[in-house]
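Chemist: coordinates only, sequence not included:
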C-alpha cells in the first residue's frame, strides 16, 4: 500500500518537471526515472525491526571480494539520496544497500521519538534479516550517528566506518537546536507551505535544484514527526561514542557541507582516524556529485581499511 501511495505522490510531485538543458550538470533537473539505475541489478524490499518495517534498496553485485557497502542517509531524506551513488558503486562491482531510516521514506513511522540506540537496534535487525554479517558502513549527517552507534554496539559487523559531516555539538549548540520550533507542515492556500520550505532551503543549501527539490519532498513525505531523527542526534553524546570506537573511521567533509566545521572537532578527539576534505560544491555531495564522492569513498576505504 505504501509503495503504491509513494508512486502516486512521486508522479504528482515530479510529473511536471522537465529536464532542462544546461552546460553545468549541477543545474540539471531530472525526474525519478532518470535517476541512474538503468541496467543494474536493483532489489527493493522490507525488513522487520523493533521500529516496524524498514525499507531498503539493494543495488549491484559484489565482485572480486569487494565488501558490501551499507548506506545511512541524513534525515529527512531517504534512500533516494544515495541512488546515484549506488549506481556508481554497481559499475565498480560493489553491492550496496541503502536503508530508509524508520520514520522516513517508505519505512514505518514510529509513534514516539526513538533514541539513536533505538534506530541503531532497528537497523541492526534489518541487517540480520538480510544476512549481512559485515560491511563498510557509510553515513551522512544523521546517518553518521547511526553508523557510529552501530559500530559501538557491534564492531564485528563494521569493517570500516565512513562519515561525511559528523554531527558533534557542544552542549549549548545541541540545546539551542532542540529548542528550535518544528516546521509547520499545515496546508496553506496555493501550496505556500511547499514554497516556504523551498525558499528556506534555497538560502541554506548549496547544490543543484534537483537536490533542493528532493529535500522539500523528503520533509513532507516524512510528515509532522520529521523532527524525530534530528532530536535523537541532538540528544546523542557523539564525543563519548567516538572516543569508544574500536573500528577504523574515515571522516569526510567539503566546504559547502553544513557540518564542515565539525571535522576538526573529531580530529581533536581521534587523531588516529583518517581525514579528507573534498572539493565538492554541494551540501548534498553524494547526490549531486556521485562520481567524485564515490571516488573519494572507495579510495579512502582501500587505503585505510583492511578487509
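Modeler: Yep, it's here. Values in this document were obtained by computation on a predicted structure and should not be read as measured data. Numbering: from 1, shown residues only.

Chemist: Quick check: most distant residue from the centroid of the protein.
Modeler: In the chain, the residue that sits farthest from the middle, by C-alpha atoms, centre = their mean, is residue 189; the gap is 31.7 Å.

Chemist: Share the number of residues neighbouring residue 179, please.
Modeler: Close neighbours of residue 179, defined as other C-beta atoms under 10 Å, add up to 8. Where you see a C-beta, it was placed from the backbone N, CA and C, and this is true even at glycine.

Chemist: And the contacts of stretch 125-139?
Modeler: 47-50, 54, 56, 58, 67-74, 97, 99, 145-148, 150-151, 156-164, 297, 301, 305 (C-beta atoms under 8 Å, 6 or more residues apart in numbering).

Chemist: before we move on, what about stretch 89-97?
Modeler: Residues contacting stretch 89-97 (C-beta under 8 Å, 6+ apart): 40-41, 56-64, 66-71, 82, 85-86, 130, 132, 135, 294, 298.

Chemist: Could you list the buried residues of it?
Modeler: Neighbour counts over stretch 89-97 (16 or more other C-beta atoms under 10 Å) mark 89-90, 94-97 as buried.

Chemist: mind checking the end-to-end distance for it?
Modeler: For stretch 89-97, the separation between the terminal residues is 11 Å (C-alpha to C-alpha, to the nearest Å).

Chemist: that older thread, buried among the contacts of stretch 89-97? Make that a ChimeraX selection.
Modeler: Applied in ChimeraX, the following selects the buried portion of the contacts of stretch 89-97 according to 16+ other C-beta under 10 Å:
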select :56,57,58,59,60,66,67,68,69,70,71,82,85,86,130,132,135,294,298
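
Chemist: gap between the residue most central in space within the chain and residue 253?
Modeler: In the chain, the C-alpha nearest the mean C-alpha coordinate belongs to residue 73, at 1.2 Å (C-alpha atoms, centre = their mean). If you measure residue 73 against residue 253 using C-beta to C-beta, to the nearest Å, the figure is 17 Å.

Chemist: again with residue 222
Modeler: For residue 222 relative to residue 253 (C-beta to C-beta), the value is 25 Å.

Chemist: Equivalent analysis for residue 281, please.
Modeler: Residue 281 is 13 Å from residue 253, by C-beta to C-beta.

Chemist: Who has more neighbours out of those two?
Modeler: Using other C-beta under 10 Å, the more surrounded residue of residue 281 and residue 253 is residue 253, with 23 against 16.

Chemist: Please tell me how far the more buried one sits from residue 158.
Modeler: 20 Å.

Chemist: among the contacts of stretch 125-139, which are in helices?
Modeler: The helices, defined by DSSP state H, take in 145-148, 150-151, 297, 301 from those.

Chemist: Please dump those residues into TSV; it should also carry neighbour count, distance to residue 238 and pLDDT for every row.
Modeler: As requested, the ones in helices among the contacts of stretch 125-139 are arranged in TSV below (neighbours: other C-beta atoms under 10 Å; distance: C-beta to C-beta, whole Å; pLDDT from 0 to 100):
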residue	neighbour count	distance to residue 238	pLDDT
145	26	7	98
146	29	11	98
147	27	11	98
148	28	7	98
150	26	14	98
151	26	12	98
297	25	21	97
301	23	22	96
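
Chemist: Adding distance to residue 123, write the residues you listed out as TSV.
Modeler: Below are these laid out as TSV (distance: C-beta to C-beta, whole Å):
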residue	distance to residue 123
145	11
146	6
147	9
148	12
150	6
151	12
297	19
301	20
